[in-house]
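Peer 1: Could you look at this predicted model? Sequence included:
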Amino acid sequence: MTNVIAPATSCDHGEHGYITDKSRYLARLKRIEGQARGVHRMVEEEQYCIDILTQISALTSALQSIAVGLLEDHLRHCVTDAVRAGRDTAEDKIREASQAIGRLIR
């Protein structure tokens, strides 16, 4: 049986690790929204299947890139801070990150 913990809503110190790159993440997500609308339009216009699949692949890669960046920020910020402080929650933060990695690679 896998131990499942409820996702934390924030780091213990109240600031998320990605906050310094928030504008970069938001700009990237805005581009991804545009890509998703483009795929929708391609299907509406009945474009060639392989062209649509190519765009879906690009969209998937863009989302994965954001996910990896957020995970790195979480490890550098929230997990590292919890480990340095010697808090009992350090193990929970590591488990939480491991579970997030597991969801990303499925």
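Peer 2: Alright, I've got the coordinates.

Peer 1: which residues in this protein form helices?
Peer 2: 22-44, 49-74, 80-85, 89-105 (DSSP state H).

Peer 1: Between helix 89-105 and the second one, find me the angle.
Peer 2: So that's helix 49-74. 170 degrees (axes from the mean of the first three to the mean of the last three C-alpha atoms, to 10 degrees).

Peer 1: Check which residues of helix 49-74 are buried.
Peer 2: Buried residues in helix 49-74, counted by 16 or more other C-beta atoms under 10 Å: I52, Q55, L59, A62, L63, G69, L70, L71, D73, H74. Placement of C-beta: from N, CA and C, glycine included.

Peer 1: So what's the model's average confidence on stretch 25-40?
Peer 2: Mean pLDDT, stretch 25-40: 97.

Peer 1: Distance from the chain centre to it, please.
Peer 2: Relative to the centre of its chain, stretch 25-40 is centred 15 Å away, using C-alpha atoms, centre = their mean, to the nearest Å.

Peer 1: So what touches it?
Peer 2: The contact list for stretch 25-40 (C-beta atoms under 8 Å, 6 or more residues apart in numbering) reads Y18, I52, Q55, I56, A58, L59, A62, L63, S65, I66, G69, L70.

Peer 1: give me the low-pLDDT residue ranges for this structure?
Peer 2: Where the chain drops to pLDDT under 70, the residues are 1-17, 87.

Peer 1: Centroid-nearest residue for it?
Peer 2: Residue closest to the average C-alpha location in the chain (C-alpha atoms, centre = their mean): A67, at 2.5 Å.

Peer 1: Quick check, that one in contact with L104.
Peer 2: Yes: between A67 and L104 there is a contact under C-beta atoms under 8 Å: 5.5 Å.

Peer 1: which of the contacts of stretch 25-40 sit farthest apart?
Peer 2: Y18 and I52 (30.8 Å; C-beta to C-beta).

Peer 1: Check which residues of stretch 35-51 are buried.
Peer 2: Q35, V39, M42.

Peer 1: so how far is it off the chain centroid?
Peer 2: Put simply, stretch 35-51 sits 25 Å off its chain's centre (C-alpha atoms, centre = their mean).
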